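K.L.:
Need a 3D model of the sequence below.
(chains A, B, C, D and E, ligands or ions: 4)
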Amino acid sequence: MSLPPLLDVNGLHVRYPIRKGLFGGVVGHVSAVDGVSLTLNRGETLGLVGESGCGKSTLGRTVIALQRPSAGNVRFRNQDLFALSSAELKQQRRFAQLIFQNPRACFDPRRTVGSSVRMGLDIQELLDPSEREEAVAGIFRKVGLRPEHRFRYPHELSGGQLQRIGIARALILKPSLIVCDEPVSALDVSVQAQILNLLSDLKAEFELALLFVSHNLAVVEYIADRVAVMYYGRIVEIAPTHALFSSPRHPYTRALLAAVPTMDIARRDDPVPRLGDPPDPANLPTGCRFRNRCPLAFARCAEAEPSLVTAKDGHGVACWAAESASIDAGPMTAAASNG
Amino acid sequence: MAQYVVRRLLLLVPVVIGILLITFLMKALIPTDAVTAMYQGQLSEKEAAQAIATLRAKYHLDLPWYQQFFIYVGDLMQGDFGESIRLRKPVIDEIGYRYVNTILLTALSLVIALVLGLTTGILAAARRNTWLDVTATTVGLFGISMPAFFFGLLLILVFSVWLRILPVVPHGWMAIILPAFALGIIEAAPLSQVARSNMIDVMRRDYILAARARGQSETALIFRHALPNALIVVLTVVGLQIGNLLGGAFIVETIFSWHGIGELAVNAIQWRDFALTQAIILISAATYLIINLVADIMYAWLDPRVELVS
Amino acid sequence: QAEKVARFRLTIDPEGLYNVQSISLVVSEVLGNYLLESLVYLDEKGQAKPWLAESWEPSADGKVITFKLKPGKVFHDGTPFNAAAVKFHFDTVMDPKNASPSRAMINPLQKVETSDDMTVVFTFSKPFAPFINLLGLSYFGFNSPTAVKAAGSAYPRHPVGTGPFKFGNWTPGTSIELVRNAEFKQYRPDAKNQGPAYLDRIVLNVLAEEGVVTSALQTGELQAALLTADAVRPLEGDKQFNIINDQNAKNLMFMEFDYKKPPFDDKAFREAVSYAIDRESVLAAAFGGNGKIALGPLSRGIPGYDDTVAQKYGTPYDPEKAKALLDAAGWKVSGDIRAKGSMQAKFTVRSYASSTTERALAVIQANLADVGIQVDVGTADWGTFYPGLLKPDWDMDLNRWTWPDPSVMSQLFRSPGHRQLLPANPAIDQALDSADAALDPAKRFQFVSDGQKAILEDRLILPLLTDWPITVVRSELEGYRLDFLGRLYASDLKITG
Amino acid sequence: MTAGIRSPHTLLDIKGLKTQFGSGRNPVNAVQGIDLKIGAGEILGLVGESGSGKSVLALSILRLIQSPGRIIGGSILFDGKDVLAMSNRELSGWRGRDIGIIFQQPQSCLNPVRRIGWQVAEPLRQQEKLSRKAAWDKAVTLLHSVGIPAPEEKALAYPHQLSGGQAQRVMIAVALALRPRLLIADEPTTALDVTIQAQILELLRDSCRDFGTSLMLVTHDLGVVARLADRVAVMYAGRIVEEGPVAPMLTAPSHPYARGLLDAAPRLGQMGGLRLRDIPGSIPDLSQPMPGCAFAPRCELRANLGLSACLGELPPFIPISEHHSARCWALPQADGIYSTPMTMGA
Amino acid sequence: MSTVVLEEPIVAIIPRWRVMAGKLLRNRAAVVGGSVVLALLLLAAFAAWIAPYDPFKINPVQRLKPPSFQHWFGTDEVGRDLLSRIIFGTRYFLLICLITASISATIGTLLGLIAGAGSALTDSIIMRIIDILLAFPYILLVLVVVAILGPSLWTGMAAVGIAGIPGYARLVRSSVLTVKREDYVTSARALGASDAEILFGTVLPNVMSPLIVYLAFATPLSALIASALSFAGLGTQPPAPEWGAMLVNSRTYLFSAWWAVAAPGMALFISIFGMNILGNGLRDVLDPRS
Ligand SMILES: Nc1ncnc2c1ncn2[C@@H]1O[C@H](COP(=O)(O)OP(=O)(O)OP(=O)(O)O)[C@@H](O)[C@H]1O
Ligand SMILES: Nc1ncnc2c1ncn2[C@@H]1O[C@H](COP(=O)(O)OP(=O)(O)OP(=O)(O)O)[C@@H](O)[C@H]1O
Ligand SMILES: [Mg+2]
Ligand SMILES: [Mg+2]
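P.N.:
Numbers count the residues shown, from 1 in each chain, chains lettered A, B, ... in the order given. Ligands and ions are numbered 1, 2, ... in the order given. Got it, this is the predicted structure:
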């Protein structure tokens, strides 16, 4: 490939101070993103999965410069986002948009949804003011709503409708990247299906790159081209979707996959691997951060943190066990022999 | 915890210095000083002018305000609040007993306000939209809408002149009853409203629903589950109210001849007795700040989500 | 036998009970009524009579007065009252270090000497007629020098005098207790009781709010209190209460002008304003009619007040005349308001904030509006009002004085006047200077009368009224009587029933 | 397969239950006449679209509906006792002791200012009249039994000091404290991660088995249902549209809505580039009158078959097998009507 | 391509303000309070036509006459018609409310916005200033300001206005802190909106409803404080028919001419009461949970 990637994230770190008490004294730090590097090409969808609180949203927000990293950089459309002036950044913003998990929370309750969608055009000063309203009506049709829906307030719409409008709001700027932060987690299955279908249609039509954050593996499998698995600030495994789901290499990925309840009644009594309680994010174990929950953990895991090693087939994993053994995608319970 | 308190106390320093600075700036802006004001209406001639000059020099009133400020702060460091020009005695002597009076009055009225405000607020919330709620709310609004002196005089009329159960002229401990009630009832009104709306708010929370689902009786729900939560907000309001009580009770203090610093404050300003005004401001501000510190600590104690960290 | 206690009202807590330092009303009231005695008292005609003094003798040139004291008076602390005590008091007042507010009153006094234990000699820079009457004031009542020296700066909290009551204790801000002086001998012949007081104790309660005082009188928690006319109304007609008006009151409410500023430099204008005010209405509004309107510049209660001058030269309410005067002076009516040339008759009247001045101002405003002069009203607390007087930039102000002697006129209105803006007026200045120098009462009164006339003729001020302080006394308290200077015969007080 | 084992004893018997919110012109009919039975020891899965009235039904059963909502009709019998006729006093004795509930948001259901131990012990003290000490000890035991590590310490913690999974376990401990005969779990794992969800589900299943507790499990995750439920009821717009044993319900549901729901759920490892089949449109406005089948406006089947009855008349429950029935006018002709093949099944 | 337009019937959309107005009209408290405020506005606007007499016209003969057919509310200590004074007093009352509220609300809101949205440093500087204002005894603050500027209606109002700043600042700050974490604010930022655009375009409108409710409660309180100023002799200048001053000046008549106290007392009470219950009503109406 000669073209540079659309998005190139390099050694990104984001730390949050932990504030406590009335005066918010800083008592420690959470490394929400702890050295993440990844790339995303035009029109590609990267799924980002992982446990709640592992830093998916933070990563998503940082790559579109809604959050300053404490280290590392993000190149977007060949520009270092954090080296831009605010006017330049504003221009870049047009091309990187965001959709949130909770559609109800991401609309200003005091504006009609039409005006919320139009706001992007107004701010970015796209189109002639007289054409903007028409453009909004058009994008409403595009996401499967009637233009008349523009005049409603968020509370007058259902969650599914609002999520469509959320997509419309991002789409109207004709972005090249949309970060979707759990866009369907708050919706029930039937509405979720509507939104996922809509997204995959639009993705094709607009040559959109998506960074699709979710903890629902099935959803990610459905929409993503590649999937990254995150565990407490790090990417522990990254691979093309099919490869990841058919032959997961990191024990955490496998545990995740095993925990997803299937609708297959025959397997309802299958034992589910116990992972133990999640660690305190401010106080992760030394060495491999997964080791205290890992059935494969051995001495080396406590000594040093494994780094993400990408094989030729594009399948990357950060695990000592995966490196030292020839991992085949056997069931996890059987893979404990490395201990 | 101790560290936290120290840190909080240190935070008070800029506030206190700010207050001091502001008052000195104000002093520079106020168009008279105590000496001139004291010789008001005395038949003034050249000699009076000389007396004024003498006194002004004695109290450094002839210096620019910032020099006065440094002198004052210097004295303050040594625990010297200065001397009241009007009263010709150390400010502390006058403020001392009045401060005690004010604290007594504030404390008692606060107790009354809390008892009245909480019971009516909780009752109103528990019996929401019944006549009881309407009555409590109306009476509460009545308290808020009533000028203090008007209310004070009515209390005297009823309890002292008609019923003759309490003295008009303050003597002994009985003297505190009427002013404490006057203040307490007035302050109870906003407390009652806050308690009511917070109780209503808390009673709508999921954990109350969950507790009800566990078979808790309504009484237990209100007192054991909801009240501790509602109290948290009430506490903040109380902390703020104490500020009002400290300085704002002057009308009640005047009417009931309860000689606290509120009454003194008004006089001190009218006398342009700066050392006195200054000390009152300082001491009320300090009290306010410390009480709010205590309130915050209590807040952290009531609300485990808040942690005191230094 | 039960202790006899009377309870009276104080309007505010005294700042300290030492007449060298404070001469405020409340301090004078406590000291003058109960604790201190003076060299002279004024009889019902305003004549100085011997009290602690036996006799006095001015020198021929009028610059020296020699006082002989009555023997046998002792201070509450047991030390004798003598010439040294008198000298000590005046020396303290005159010492600039003490910045005594009473010093200015006796300005011509140069030195005080004692020729023997019972003789005091006062020397003046010029003959100083007001002196003898001033001595009757509590400002010149005597403190025990021993006690003053011993207590130092604490003395104002522990006064020691010779009066019928001794200082007991003081709950700051709340009350002052006075106890009977068992050794007391009355040196004032006009008191009914020549021995120690009948009452064992007097409690002075600090009560600011009048409504509260009325209530306390009704419940019997107070036996007597000074009140305004309004507060007295509910007690009127009730047999339980005697209402005492001090008709000897020596105060005057008046208006004055900025004489340097047009149109107030024009006598015709001042005169028109003077005719325009309905004093009876002011009196009714401000004091419930409790007092007397004033046409002359001196209060009726002051010896030397000349009613003929007041009637002849005064400006009784006559709005038509006021209008005529304004017309004549070139103030043309245009709409509701007059104007002369480019100047509109639109001014401000300022005063200190109190319910009485505010109501008076309401009437004044209405009266002036009737003749085409529009005034705004501005009141401020003393602290703001008083220094404003010294900045000559106001149009008119409403003011009030209280003083027992005709010398008030020279203090206030001898050029350049208390506001430093009066032009020299030989007629006024000479009459007032002479009045202050004439030791012979008859002569002095002539000058005082001339002074009143001159001030009136010049329309220098606009006298309004004298109000009578009202004391309400419960009927069980007997013998509540005030002398010419408003001092109480405290040893005469008796409680019955 | 453990599904389908029916206990002879009916614990909860709901008939024609109707719950309404608000009054005035347009009350919201959140529950529109529900008939439902739960047997002793049985696990019933209740699924349905968001807003279909699952939570309202759950709260109605416990009579926890608050103003402006109220139960306007029907009956609830719990072990033969008429729940709707209970006095407040009887209710508070019954709740907790005989019936318990767990909600979706465990954190917000725990009192933020009370210690965990206190909250677990509280019903024991109130209902079992245990002493403070005894209640506390039992609370610690309970916390241990739901898998809280170091229960003695954690009993002293406050809710904000717990993770979501721990909080949900505490909620379960509280609900199980009095060993109720029926436990209602309203989306107990929706807020949790899959890994923790798996543990909680296991815990619920084991607890029910151990204590013989019946469970009504509200969810819209069919995977969860597949894991736990013996029987499944599908709700749509305030009504149960299909009810039956778990196996047929998850493999061959009869009601078009139940089927649509099944199709819409993405399945791990089985999508293979297939497009998700969504149900166009959204749940009807429950404040508008619905004379016929509420799903009719969205129903492909109705459109395909051109049925007219659907919009005019509410279909009755039509039995499919012994314990399986559905409300659909198309049912008698249902064989082979579905155009797409099911991707389900082992 | 999924451009299927959903077959959802479009129900006629009621504008938001009409929804609010409808809610307001159905709220009894708000209606009662609102009518009081409306009545005040009408009285103030048409005082000259409604009042039977000149409120400044004194008549010493008619001093302190009890209510009668000529003078419905009686007369005051200089014989002015109390009814007329009360009617004209509405202007002062409303003026005081308006001025004090606009001073406290604008400055307080601005400070609160800046503190809530600004950097940690700005926040702590502003909050220290607010602390100072709060710790400064309320009434003393007012008195000192009046002492500096000289007493008049305007200085009194300015002082009361200043003293009211901390309440607004704290309220707005805490609302801003909540609102600025909302996703819709992040959305606006993602669209490229500048800080100012976000603050005034998105954050401010969303802190309006607690602000309006607070306004309805705090405003009448400042009218009460203004009357307390009159008590200290620093309030409105006579002969302005300002209720607080009238009440304070007539309080000695409580025992002898009750009507002189009752008229301004009731006027003040009813107005403050009305505004308070309007506030209660607004709170219920603006509460999204209701
Ligand atoms: N503004 C913040 N301040 C402090 N800590 C934060 C902040 N935002 C997130 N964190 C912490 O950073 C970590 C990662 O949070 P993040 O929201 O990125 O996780 P997530 O993977 O998106 O989780 P979820 O699935 O729950 O959305 C968490 O431990 C969280 O508590
Ligand atoms: N307090 C209430 N006031 C008014 N309507 C309500 C109230 N609670 C619920 N409803 C309505 O009742 C209907 C059913 O709601 P319910 O919460 O039972 O749905 P649900 O099936 O539990 O949905 P979810 O899956 O989102 O939890 C909804 O239309 C909802 O709007
Ligand atoms: Mg997230
Ligand atoms: Mg629900």
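K.L.:
for chain E, longest helix please?
P.N.:
For chain E, the helix reaching the highest residue count under DSSP state H is reported as helix E:82-117.
K.L.:
packing partners for the following helix or strand past that helix?
P.N.:
For helix E:82-117, the succeeding helix or strand toward the C-terminus, using DSSP states H and E, is helix E:120-135. For helix E:120-135, the elements it packs on are helix B:2-29, helix B:227-248, helix B:274-302, helix E:82-117, helix E:165-179, judged by 3 or more Cβ pairs under 8 Å, 6 or more residues apart in numbering or on different chains; DSSP states H and E. Glycine gets a C-beta too; all of them are placed from N, C-alpha and C.
K.L.:
For E:V146, give its distance to chain D.
P.N.:
Applying Cβ to the nearest Cβ, to the nearest Å, one obtains 44 Å for the distance of E:V146 from chain D.
K.L.:
What parts of chain D come near chain B?
P.N.:
Along chain D, the residues adjacent to chain B under the rule Cβ under 8 Å from any Cβ of the partner chain are D:62, D:64, D:66, D:88-89, D:91-97, D:100-101, D:103, D:105, D:108-114, D:122-123, D:126-127, D:158, D:160, D:171, D:174-175, D:178.
K.L.:
give me the low-pLDDT residue ranges for the chain?
P.N.:
Because you didn't say which chain, this covers chain A. Across chain A, residues meeting the criterion (pLDDT under 70) sit at A:1-2, A:19-26, A:324-339.
K.L.:
my question was about chain C
P.N.:
C:497.
K.L.:
ok and the residue in it nearest chain D?
P.N.:
Closest approach of chain C to chain D (Cβ to the nearest Cβ) occurs at C:G173, with a separation of 43.4 Å.
K.L.:
Likewise for the stretch 101-250 of chain B?
P.N.:
Going by Cβ to the nearest Cβ, chain D is nearest to B:G215 of the stretch 101-250 of chain B, at 3.2 Å.
K.L.:
Excluding chain neighbours, what is closest to that residue?
P.N.:
Nearest residue to B:G215 in three dimensions, chain neighbours excluded: D:G96, at 3.2 Å (Cβ to Cβ, 6 or more residues apart in numbering or on different chains).
K.L.:
what does the model give that neighbour for pLDDT?
P.N.:
Turning to D:G96, the model gives it a pLDDT of 88.
K.L.:
Residue ranges of each domain in chain A, please.
P.N.:
A:7-19+A:27-251, A:252-339 (automatic domain parsing).
K.L.:
Out of those, which gets nearest to chain E?
P.N.:
Chain E lies closest to domain A:7-19+A:27-251 among the domains of chain A, at 3.7 Å (Cβ to the nearest Cβ).
K.L.:
hmm, that closest one touching ligand 1?
P.N.:
Yes. Legend: contact between domain A:7-19+A:27-251 and ligand 1 by Cβ under 6 Å from any ligand atom is shown at A:Y16, A:V30, A:A32, A:G50, A:S52, A:G53, A:C54, A:G55, A:K56, A:S57, A:T58, A:H215.
K.L.:
so how far is the first residue of that domain from its last?
P.N.:
Its start and end residues considered, domain A:7-19+A:27-251 measures 28 Å (Cα to Cα, to the nearest Å).
K.L.:
With stretch A:216-235 instead?
P.N.:
One end of stretch A:216-235 sits 17 Å from the other (Cα to Cα).
K.L.:
How about it and chain D, any contact?
P.N.:
Yes. If you take Cβ under 8 Å from any Cβ as the test, stretch A:216-235 does meet chain D, through A:N216, A:L217, A:A218, A:V219, A:E221, A:Y222.
K.L.:
Could I get the residues you listed in CSV, plus columns for neighbour count, distance to C:Q452 and secondary structure?
P.N.:
Written out in CSV, the entries for the residues of stretch A:216-235 next to chain D read as follows (neighbours: other Cβ atoms under 10 Å in any protein chain shown; distance: Cβ to Cβ, whole Å; DSSP: H, G, I helix; E, B strand; the rest coil):
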residue, neighbour count, distance to C:Q452, secondary structure
A:N216, 19, 104, coil
A:L217, 23, 109, helix
A:A218, 20, 110, helix
A:V219, 26, 105, helix
A:E221, 25, 112, helix
A:Y222, 27, 110, helix
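K.L.:
just to revisit the earlier point, closest one to chain A among the helices and strands packed on helix E:120-135?
P.N.:
Distance to chain A, taken as Cβ to the nearest Cβ, is lowest for helix B:274-302 among the helices and strands packed on helix E:120-135, at 5.5 Å.
K.L.:
From the chain's centroid, how far away is that closest one?
P.N.:
9 Å (Cα atoms, centre = their mean, to the nearest Å).
K.L.:
Buried residues in that helix, which are they?
P.N.:
Going by neighbour count (16 or more other Cβ atoms under 10 Å in any protein chain shown), the buried part of helix B:274-302 is B:274-285, B:287-289, B:291-293, B:295-297, B:299-300, B:302.
K.L.:
Low-confidence ranges, the stretch 201-310 of chain B, go.
P.N.:
Low-confidence segments of the stretch 201-310 of chain B, defined by pLDDT under 70, span residues B:246-248, B:306-310.
K.L.:
By proximity to chain C, which residue of it wins?
P.N.:
Among all residues of the stretch 201-310 of chain B, B:H259 sits closest to chain C, at 2.9 Å; criterion: Cβ to the nearest Cβ.
K.L.:
what about that residue, helix or strand, and which?
P.N.:
In this assignment (DSSP H and E), B:H259 forms part of neither any helix nor any strand.
K.L.:
what do you get for C:P463?
P.N.:
Under the criterion DSSP H and E, the helix or strand holding C:P463 is strand C:461-467.
K.L.:
E:I139 and B:A265 touch, don't they?
P.N.:
Yes. In this structure, E:I139 sits in contact with B:A265. The criterion is Cβ atoms under 8 Å, and the distance is 7.0 Å.
K.L.:
So for these two, which residue has more residues nearby?
P.N.:
B:A265 (31 against 27; other Cβ atoms under 10 Å in any protein chain shown).
K.L.:
For the nearest residue to the more buried one once chain neighbours are set aside, give me its contacts.
P.N.:
The shortest distance from B:A265 to any residue that is not its chain neighbour, by Cβ to Cβ, 6+ apart, is 4.8 Å, and that residue is B:I280. By Cβ atoms under 8 Å, 6 or more residues apart in numbering or on different chains, B:I280 lies in contact with B:I95, B:G247, B:I261, B:L264, B:A265, B:A268, E:P137, E:L140.
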